[in-house]
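Visitor: One predicted model, sequence on top.
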Amino acid sequence: MIRYALARLTLLVLGLFVASVLIFVTLRLLPGDVAQMIGGTSATPAQIAAISERLGLDRPWPVQYAEWIGGLFRGDLGRSLVTGTPVADELARKAQVTFPLGALSLLIALLISIPLGVLSAMRRGHASGTALGVGAQALAAVPVVWAGMMLVVVFAVWLGWLPAQGFPRSGWSDPGTALRALLLPAITIGVVEGAMLLRFVRSATLQAVGQDYVRTAAAKGLTRTQALLRHGLPNVGLSVITVLGLQVAGIVVGAVVIEQLFALPGIGRMLVADVGARDLPKVQGELLVLTAFVLVIGFVVDLVHRAIDPRQREAA
Amino acid sequence: MLRRTLLAATALVAAATLTLTACAGGGGSTGTGEVDPDATVTVRLALAPNDLDVRVTSGAPLDQILVDNVYQGLVARTPEQEIVPSLATDWTVSDDGLTYTFTVREGVTFHDGQELTPQDVVWSLTQHRDNADWVRAVSLADVTDITAEGQEVTLTLSQPNSSLLWELTGRPGLIFKEGDTVDYQTAANGTGPFTLAEWVQGDSVTLARYDDYWGEPAAAAEVVFVIIPDTQTALNAALAGEVDVVTGFDATLTEQIEANGDFEVEIGASTDKGTLAFNQTSGPLADQRVRQAIRQAIDHEAFIEAAGAGEVMTGPIPSLDPGYEDLSDIAPYDPEAAKALLAEAGYEDLELTLTIGNWYSSTIPQLLVSDLDEVGITLNVDSVDFPTWLNDVYLNKDYELSFVLHTEARDFENWANPEYYFTYDSPEVQELYAKAIAATSDEEAADYLARAARVVAEDAAADWLINGASIVAVATNITGMPTVNVNERIDVSKLAKSDG
């Protein structure tokens, strides 16, 4: 187990390194730079040159990369070229929106997908099982943006139950208000992600139904449902954990879109704005943290999977 | 089950068509209630400022949020573009146009409590002139001497500059505290009716009434600028009662926002110029006939119809700016004439590429493609983000046609600057513009500008698809919202909310 964990950790660090290089280089292939953005449509070439020099944009790439990575080892994500403030501070502030949003979305996705997925598998052949399957298929194909718009029109504009956009400026000092602000966006992401997960749970359950151990348990006197719940579900759970890493990546991408749509001050919206401002040190800090987050989740999922799956334990 | 499905489907269809007439919530307020001095007024902006440094960072969001409201200059401009006193009580200009003398207002304090002195004025203007990376530093280049004596500050010029006062109503004229240690990128210390209370990066800027303000105190206790990029989201926010004013509104959504009587859409003039630039350094676009043909092939009314507001623009100067003249005789809509011009120039089968900002409505390129197709020009559309546009078009002039909405007032100088991305190089225009700048009376300057503008239009140096409007949706319990040229400046000091 320890050897496996170490090997997996090496892979994680290697992945982060490759990601850092990719992030650094691809950002610099984007046309335009922050000095031009600051100067705008009335800037003279001399003015832009003066801004570039002040910001140190004219230094060679390897120097800039070494500086960035060196900072990372000292726990310093760098500073924004535009505001001069530490990237880590702003990330921490925006994470107060994005992480609760992601967690809430995941919770909603799981609450929808697991019970309904198992149910639709067990009711296979019945009308309700088919309806669930088809419904999930349809929901999974719905564009997140459209789903969000519809939810806003119904719950914010018509019914007035929840805010249409925005996040309280006072943050989490009033948890109720903050939570309400995240509910519609989280449902939007959660329903779409949940529909995808539902199909996965359904097929995993169907697979379990056909397994020998379920049949054996049934032969020992359990009903099919009892056998499935007692012996099948742990296996379904394992499969769900495996795709959870992918789901988290999906939620991060969903958050970028949804934060824009709901005007939420989160990491996703900040990322889009910073790319637009060509504030490269900030963008690369944000991307690396998001990448690290997804990679670490994948790492933890693998370890957990290894730890709780007896077949893998024995193989090791 | 079926009934519920039907209900859901009906709800969705209704939502999709966005017929919001059946909207929940009480009826519209009448605005006859008392003005609430403790009110917070929430104003939607579409674009966020990246930082708050008004000295260095260009762009409309900082002008809209900070200029007039937090920072002030010796002189200010009204929405109608008149120059009025601000931190100077009055000023005189010598007959030769070389000496400007301002009387600095007494009893003005910065938001940190310190009193404004003429020395702060001298320092601010000198700093702005001498820092090459500050916004429009170049506009103070003619100022050789800035001195203070008593309450008077005198600017001495090396040559007359009829646009100097105007420039001083903008960024180059803003007055800061001498040697201030405030972090301009994230904070502010000005003399205006509002202090900067809070900035949530990319999300909102909150201004709070400055109680020791020298002039009439702000009507609202707090004004919050919230950044909502998406217009549909802004509409929903308004309908849900989350914002009081929506700037940069879409006039085609007027019926929806006015449906329940809580909002009214106000349309005002603006200096927004929807400029279709031609790179005329080489190729077919170097030929005036081709450019003229493009101008005559475009049905400008269609752009105004698509936007739901705005005016036809027939030359480089919008009606709010000095030197404006109706130039509709120069390039009237006439596809047949356009075809004839193209044939004469020998370009009967022309293919051109339009580089356009991806934040503009896709209707603009669609209309252009179909108009130009009519006269035998194939238009390819390259949609790019703002930094790419700045790099490729603005800086490197690597484009054929480009569309950008220029919001700046009085920016005719770009037609007299062959280095600008317009690539328009006319000695005649440059000479007329120089004369306009050297003029010592406003009338004289405007006359030269009008003559220069006519030449620009005759040369078909560009086309102007639309003179955009300021479109603002205002809640009916809000008063004092400026409606003219709001995309450039928003003085929110009179913005008031009634509790009725």
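Guide: On my side now, so go ahead.
Visitor: can you give me the helices in chain B?
Guide: Using DSSP state H, the helices of chain B run over residues B:2-17, B:60-65, B:118-130, B:164-168, B:231-239, B:254-258, B:288-297, B:300-307, B:335-345, B:363-374, B:386-389, B:427-438, B:442-458.
Visitor: Now do the helices in chain A.
Guide: Taking DSSP H, the helices of chain A run over residues A:2-29, A:34-39, A:45-55, A:61-73, A:87-122, A:127-140, A:144-151, A:175-209, A:212-219, A:224-227, A:233-261, A:267-277, A:280-308, A:310-315.
Visitor: Mind putting the ones you listed into JSON lines with mean neighbour count?
Guide: C-beta here means a position set from N, CA and C on the backbone, and glycine is covered the same way. As requested, those are exported to JSON lines (neighbours: other C-beta atoms under 10 Å in any protein chain shown):
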{"stretch": "helix A:2-29", "mean neighbour count": "13"}
{"stretch": "helix A:34-39", "mean neighbour count": "25"}
{"stretch": "helix A:45-55", "mean neighbour count": "18"}
{"stretch": "helix A:61-73", "mean neighbour count": "13"}
{"stretch": "helix A:87-122", "mean neighbour count": "20"}
{"stretch": "helix A:127-140", "mean neighbour count": "15"}
{"stretch": "helix A:144-151", "mean neighbour count": "18"}
{"stretch": "helix A:175-209", "mean neighbour count": "21"}
{"stretch": "helix A:212-219", "mean neighbour count": "14"}
{"stretch": "helix A:224-227", "mean neighbour count": "15"}
{"stretch": "helix A:233-261", "mean neighbour count": "20"}
{"stretch": "helix A:267-277", "mean neighbour count": "23"}
{"stretch": "helix A:280-308", "mean neighbour count": "19"}
{"stretch": "helix A:310-315", "mean neighbour count": "10"}
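Visitor: The nearest residue to A:Arg54 once chain neighbours are set aside: how many residues sit nearby?
Guide: Spatial nearest neighbour of A:Arg54, chain neighbours left out: B:Asp133 (6.0 Å); criterion: C-beta to C-beta, 6 or more residues apart in numbering or on different chains. Other residues within reach of B:Asp133, judged by other C-beta atoms under 10 Å in any protein chain shown, total 21.
Visitor: what does the model give B:Asp133 for pLDDT?
Guide: With respect to pLDDT, B:Asp133 scores 91.
Visitor: any weak-confidence spans in the stretch 201-316 of chain A?
Guide: Low-confidence segments of the stretch 201-316 of chain A (pLDDT under 70): A:313-316.
Visitor: how close does whatever residue of it ends up closest to chain B get to B:Glu198?
Guide: Relative to chain B, the nearest point of the stretch 201-316 of chain A is A:Pro265 (3.6 Å; C-beta to the nearest C-beta). The span separating A:Pro265 from B:Glu198 equals 12 Å under the rule C-beta to C-beta, to the nearest Å.
Visitor: Find the residues that touch each one of those two.
Guide: Here A:Pro265 and B:Glu198 have B:Ser204 as joint contacts, going by C-beta atoms under 8 Å, 6 or more residues apart in numbering or on different chains.
Visitor: okay, the two: which has more neighbours?
Guide: It is A:Pro265, of A:Pro265 and B:Glu198, that has more neighbours when counted by other C-beta under 10 Å, with 24 against 13.
Visitor: In contact with the closest residue to that one other than its chain neighbours, which residues?
Guide: Take A:Pro265 and drop its neighbours on the chain: the residue closest to it by C-beta to C-beta, 6+ apart is B:Asp203, 3.6 Å away. Contact analysis of B:Asp203 by C-beta under 8 Å, 6+ apart lists A:166-167, A:263, A:265, A:269, B:48, B:226-227.
Visitor: One more: B:Glu106?
Guide: Going by C-beta under 8 Å, 6+ apart, B:Glu106 touches B:Gln151.
Visitor: and the gap between it and B:Trp91?
Guide: According to C-beta to C-beta, B:Glu106 and B:Trp91 sit 15 Å apart.
Visitor: likewise A:Arg224?
Guide: From A:Arg224 across to B:Trp91, the span is 92 Å (C-beta to C-beta).
Visitor: Out of the helices of chain A, which gets nearest to B:Leu390?
Guide: helix A:34-39 (4.4 Å; C-beta to C-beta).
Visitor: How about residues contacting the closest one?
Guide: Under the contact criterion C-beta under 8 Å, 6+ apart, helix A:34-39 has outside partners A:43, A:47-49, A:51-52, A:55, A:57, A:81-82, A:277-280, B:50, B:56-58, B:386-387, B:390-391, B:394-395.
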